[in-house]
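Need coordinates for the following:
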Amino acid sequence: MVRGERTGMRKRIIAVLGDHWHDPAVSGEALRLAVREAEPLLQTAIEIEIVPAEQLASRLSDNPDAVVMYKEDRINPLDEAVRTWMTPETAEAITDYVRGGGSWLAWHSGMAGYDPEGEYVRMLRGYFEHHPDMKMVTYIEADSPQQADSGKVLAELWDEHYFVWCDAQATKVWLVAVSADGRSEAGWRHGYGQGKVSCLTPAHPKESLADPAFIRLLAGELAGLLRDQLRD
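Below you'll find the predicted structure:
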């Protein structure tokens, strides 16, 4: 069944969760809470299926309504010889899926450790660079088109302040992160072919992933990705 023929019916999300630094059970619970909050926004049920990274490319042929990636590319980040899981073939399958009308959420570590020159990062138009020690991070709505702080605080979390490279001229930055360490883009979204891409940098610790303000942020992005039309 082609995406778009399911309007008003149950939506399907495939999620790839967890890596060396991130417990998949914790991010999975946050995703379930966000889905519960997104369902009344869409007035439809949302089904989540968590799949191993190595099965992702083949599962994209099932045409899920959206894919959530909360997993960095490095499999063994503390070893001398670091291995990665995303092959060129998987990156091509991902970008083909989105170009064809799929929706993609790169969430927190879902934009970490990937090849900055690779096809996947080119689709995201941004990637994780580094984070200082955890501290209070204020997430502020960004004005458009200036992409400056609006002053409207959407969440305050004890979190890793992700500093990213973001091609802000080629996407819509809607969320910024501010802490004692500085300011960075924290949420952006854009069209890609016929599909949609969203990037969201929070959150890491269990208490922040369960914070109602963060769950609202995540639910809003999921609802936007699952709607038929790209948001302005």
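
The protein: strands as residue ranges?
11-17, 46-50, 66-70, 103-107, 126-130, 135-142, 149-159, 163-166, 172-179, 182-192, 195-200 (DSSP state E).

how about stretch 184-202: buried residues?
Residues 184-190, 192, 195-202 are the ones in stretch 184-202 that count as buried (16 or more other C-beta atoms under 10 Å). C-beta coordinates here come from the backbone N, C-alpha and C atoms, glycine included.

Nearest to residue 174 among those?
In terms of C-beta to C-beta, no member of these lies closer to residue 174 than residue 187, at 5.2 Å.

Surely that closest one is in contact with residue 175?
Yes. Look at residue 187 against residue 175 with C-beta atoms under 8 Å: they come within range, at 3.0 Å.

Overlap of the contact sets of these two?
Taking C-beta atoms under 8 Å, 6 or more residues apart in numbering as the contact rule, residue 187 and residue 175 both touch 139, 142, 200, 217.

Show me which helix runs longest in the protein.
As far as residue count goes, and with DSSP state H defining each element, the longest helix of the chain is helix 24-42.

buried stuff in that one?
By 16+ other C-beta under 10 Å, the buried positions in helix 24-42 come out as 24, 26-28, 30-31, 33-35, 37-39, 42.

Which elements pack onto the helix or strand of the chain with the lowest mean pLDDT?
Least confident helix or strand of the chain, by mean pLDDT, DSSP states H and E, is strand 149-159 with a mean of 88. In terms of contacts (3 or more C-beta pairs under 8 Å, 6 or more residues apart in numbering; DSSP states H and E), strand 149-159 is packed against strand 135-142, strand 172-179, helix 206-209, helix 212-226.

now for those, which one comes closest to residue 95?
helix 212-226 (16.0 Å).

Surely residue 177 and residue 184 touch.
Yes. Applying C-beta under 8 Å, one finds residue 177 in contact with residue 184, separated by 5.2 Å.

which phi and psi does residue 116 have?
The phi and psi torsions at residue 116 (degrees, to the nearest 10) take the values phi -60, psi -20.

neighbours of the closest residue to it other than its chain neighbours, just the number please.
Of all residues not flanking residue 116 in the chain, residue 127 sits nearest, at 5.7 Å (C-beta to C-beta, 6 or more residues apart in numbering). For residue 127, the neighbour count with other C-beta atoms under 10 Å is 21.

same question, residue 20
Residue 20 has 14 nearby residues by other C-beta under 10 Å.

Thought residue 187 was touching residue 201, still the case?
Yes. Using C-beta under 8 Å, residue 201 is in contact with residue 187, at 6.9 Å.

Could I get the pLDDT score of residue 5?
Looking at residue 5, its pLDDT reads 43.

meant to ask about residue 86
97.

before we move on, what about residue 148?
So, for residue 148, pLDDT stands at 59.

Could you do residue 8 as well?
Looking at residue 8, its pLDDT reads 50.

follow-up on the earlier one: now, which of the buried residues of helix 24-42 sits nearest residue 52?
Once C-beta to C-beta is applied, the member of the buried residues of helix 24-42 that ends up nearest residue 52 is residue 24, at 10.2 Å.
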